[in-house]
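K.L.:
Output the structure for:
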Amino acid sequence: MEYLPTVKKLQNQFDVLASFILSHFGKTNPLFLVTVLAPTLLSIVYFGLIKSDVYVSESRFVVRSPERPVQTGLGAIIQGAGFSRSLDDTYSVHEYIYSRDALHAVDKRLDLRKAFRRDGVDLFSRFNPLGFDNSFESLYEYYQSKLEINLNSVSSISILKTRAFSPSDATGINELLLQKAEELVNRLNERGRNDLIRYALVEVTAAEKKLRESALALSTYRNRNGVFDPVGQSALQLQQVAKLQDELIATKTQLMQVKAFTPESPQLPVLQHRLSAIQSEIDTETAKVTGRATGSDPSLTSKAVEYERLSLERLFAEKQLGAAMASLEQARNEAQRQQLYLERIVQPNTPDIAIEPQRLKAILTTFVVGLLVYGILSLLIAGVREHHD
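P.N.:
Predicted coordinates:
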């Protein structure tokens, strides 16, 4: 093993230090032996001779999504152009990597139980060391201890670290997790595209139905009431009334002249009859527009109210259908672009040396903690003795 010369050198130096400490404290202070020397010696033996090498593979990635400008109406859900960092989707990817689904996918390809129990792995580091619990839940807890994901909140770059007892396993796990994360992003894209088009199609279908109903209602009203355009027909009726009124005035003038110059003229009865006929015609035409006709049909004025309402409904339905068709076209164009992007900044590396465990740091930490415990216990014992004295 590459670290054995360093460990042997460290052990030789520590033996000199231990001999010095034992010569001064060992025979008179067993507490020092228990709290400092024994744990430190055990730490040297475990981290120097027993603890297995751990290889770490690291990759970096970022999840990006198109920028979404503010829009109104149905177009508000159809947005695009440019790219922006998507922290929400980044957290989703992180949660997936830590999930049981990701573990299932990786374990199916790499057989993690075998990888984490390979020959040469020490008893305290391997998965299921005693062979009592080979369950998936136990593997899931162990799997989480071998992963580390950190997010740089400034750059939104995620750092994925995977640990294993061989370089190929560490790299393979990292690569598979990135592949599965990309597949997750693609599934989210596909669902988003399908939802976008489906919602737009629903709007188009509803607008088409409303337009058909409004057009049918207007056509039914026209057929039932015998009108095509009450407003236009009213204008024609009023023009006819105006002509009759002109004719009425002319007839009245002629009648007055005949009465004035030839009171006994035989034209008087004819003119009077004509005057009555014109006035009757004017009343009939006016009633068709503003009042009620001589029959049971309502006037054009009363028909125009309902006709205008139906016309406005059809016009609104036509505009709504036009907007829905435009939104559908935008949705189809937007569906051609990927909504989320998982970009690899750094590919998973294959480590050439084991960077864990940090053996010297672990031994020194054990030694320092032992000294702290020794000092605290010494103060407590001294306080107790002083209290008894």
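
K.L.:
could you pull out the helices for the stretch 51-200 of the chain?
P.N.:
87-97, 100-110, 112-115, 136-145, 167-225 (DSSP state H, counting those that start in this stretch).

K.L.:
Could I get the ones you listed in TSV, plus columns for distance to residue 161, mean neighbour count and mean pLDDT?
P.N.:
The way it works is simple: take the backbone N, C-alpha and C, and place the C-beta from them, glycine included. Below are these laid out as TSV (distance: least, C-beta to C-beta, whole Å; neighbours: other C-beta atoms under 10 Å; pLDDT from 0 to 100):
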stretch	distance to residue 161	mean neighbour count	mean pLDDT
helix 87-97	11	17	86
helix 100-110	15	16	92
helix 112-115	16	17	89
helix 136-145	12	14	92
helix 167-225	8	17	82
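
K.L.:
Just put these in TSV and tack on distance to residue 361.
P.N.:
Listed next are these as TSV, based on distance: least, C-beta to C-beta, whole Å:
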stretch	distance to residue 361
helix 87-97	28
helix 100-110	30
helix 112-115	26
helix 136-145	19
helix 167-225	21
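
K.L.:
Can you tell me which helix or strand of this protein has the lowest average pLDDT?
P.N.:
strand 84-85 (a mean of 47; mean pLDDT, DSSP states H and E).

K.L.:
per-domain residue ranges of this structure.
P.N.:
1-51+357-389, 209-333 (automatic domain parsing).

K.L.:
Out of those, which gets the lowest mean score?
P.N.:
With a mean of 66, domain 209-333 has the lowest mean pLDDT of the domains of the chain.

K.L.:
And that domain, end to end?
P.N.:
Domain 209-333 has an end-to-end distance of 24 Å (C-alpha to C-alpha, to the nearest Å).

K.L.:
Also stretch 150-168?
P.N.:
Termini of stretch 150-168 sit 22 Å apart (C-alpha to C-alpha).

K.L.:
next one: stretch 150-170
P.N.:
Terminal-residue distance, stretch 150-170 (C-alpha to C-alpha): 17 Å.

K.L.:
and it, which residues are buried?
P.N.:
Going by neighbour count (16 or more other C-beta atoms under 10 Å), the buried part of stretch 150-170 is 157-158, 160-167, 169-170.

K.L.:
Over to stretch 364-382?
P.N.:
Quick answer for stretch 364-382 (16+ other C-beta under 10 Å): 366-367, 370, 374.

K.L.:
Just put those residues in a markdown table and tack on secondary structure and distance to residue 143.
P.N.:
Formatted as a markdown table, these follow (DSSP: H, G, I helix; E, B strand; the rest coil; distance: C-beta to C-beta, whole Å):
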| residue | secondary structure | distance to residue 143 |
| --- | --- | --- |
| 366 | helix | 28 |
| 367 | helix | 32 |
| 370 | helix | 33 |
| 374 | helix | 38 |
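
K.L.:
Return the member of those residues nearest to residue 30.
P.N.:
Distance to residue 30, by C-beta to C-beta, is smallest for residue 374 among those, at 11.1 Å.

K.L.:
which non-adjacent residue is nearest that closest one?
P.N.:
Nearest residue to residue 374 in three dimensions, chain neighbours excluded: residue 35, at 4.2 Å (C-beta to C-beta, 6 or more residues apart in numbering).
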